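Enquirer: Dropping the sequence and predicted coords here.
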Amino acid sequence: MATRRSLPAATPSRRARYAAALTIAVAAAGLSLAMARAQPPDGARVAGDDRQPVVLPEPMRTHTIANMRDHLLALQQISEALSKGEFDAASRVAETRLGMTSLQAHGAAHVAAFLPAPMQDIGTRMHRAASRFAVEAQGAGASNDLRPALGALSAVIGQCVACHAAYRYP
Ligand code: HEC
């Protein structure tokens, strides 16, 4: 009888413990869901973002992203050089930092192995376009007509835009 009497007393406290454990479990599940939403796992698609995730191992990702910032700096330096009529400088920056000559410095072959083929193609088109701009910038020095060089620069930027519209590095 003593056990029967102590049992009803124990039941509510056990229920309370179950309830507490359940609350913690639900909270933990909710938290991990919130974290998963804030930080999607590598390679996962994100709602509202159509870009394809391309996973690069570290430190390759950090190196590639830093290289991107140098691409933007190079475009700024090219625009500035063009505005001052410094066509040789504009040509040199384009060829060495964005053009075919830049590929070795960027370790491009190493990174390319991790990129989908269409993404590699955009990269190749960007490097070729930059080398074409380098030639047009030299030409602008001779002809004093900026338009072909500006058109070639726009073709370079068009490849930056094309790649950014399609891919991201998670
Ligand atoms: C072949 C693809 C490709 C090309 C070409 C390309 N980018 Fe990027 N770039 C990327 C990807 C992918 C990211 C990462 C975007 C993300 O994860 O949101 C990026 C990021 C960047 C960033 C952000 C860097 C940071 O610190 O987060 C800059 C700036 C940038 N690119 C500039 C450029 C410029 C300028 C050009 C053209 C001269 C260019 N990129 C060409 C793929 C490319």
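Expert: Yep, that arrived. Keep in mind that what you see is a predicted model, and the values were worked out from it rather than measured. Numbering: from 1, shown residues only.
Enquirer: CA atoms for contacts and neighbours, from now on please.
Expert: OK.
Enquirer: Can you name the residues of this structure sitting close to the ligand?
Expert: 65, 68-69, 71-72, 119-120, 122-123, 126, 157, 159-160, 163-164, 167-170 (Cα under 6 Å from any ligand atom).
Enquirer: ranges for the strands of the chain?
Expert: 52-53, 167-168 (DSSP state E).
Enquirer: Of these, which is nearest residue 97?
Expert: Proximity to residue 97 (Cα to Cα) singles out strand 167-168 among those, at 21.5 Å.
Enquirer: Could you list the residues in contact with that closest one?
Expert: Contacting residues not belonging to strand 167-168 are listed as 51-54, 119 [Cα atoms under 8 Å, 6 or more residues apart in numbering].
Enquirer: got any ranges where this structure has weak pLDDT?
Expert: For the chain, residues meeting the criterion pLDDT under 70 lie at 1-41, 105-106.
Enquirer: could you redo the last one with a cut-off of 90?
Expert: Applying pLDDT under 90 to the chain flags residues 1-46, 101-110, 141, 144.
Enquirer: which residues in it form helices?
Expert: Listed in chain order, the helices of the chain (DSSP state H) span 2-38, 60-83, 87-93, 102-106, 108-112, 117-143, 147-166.
Enquirer: buried set for the second one?
Expert: In other words, helix 60-83. Within helix 60-83, the residues scored as buried using 16 or more other Cα atoms under 10 Å are 61, 64, 67, 71, 74-75, 77-79, 81-82.
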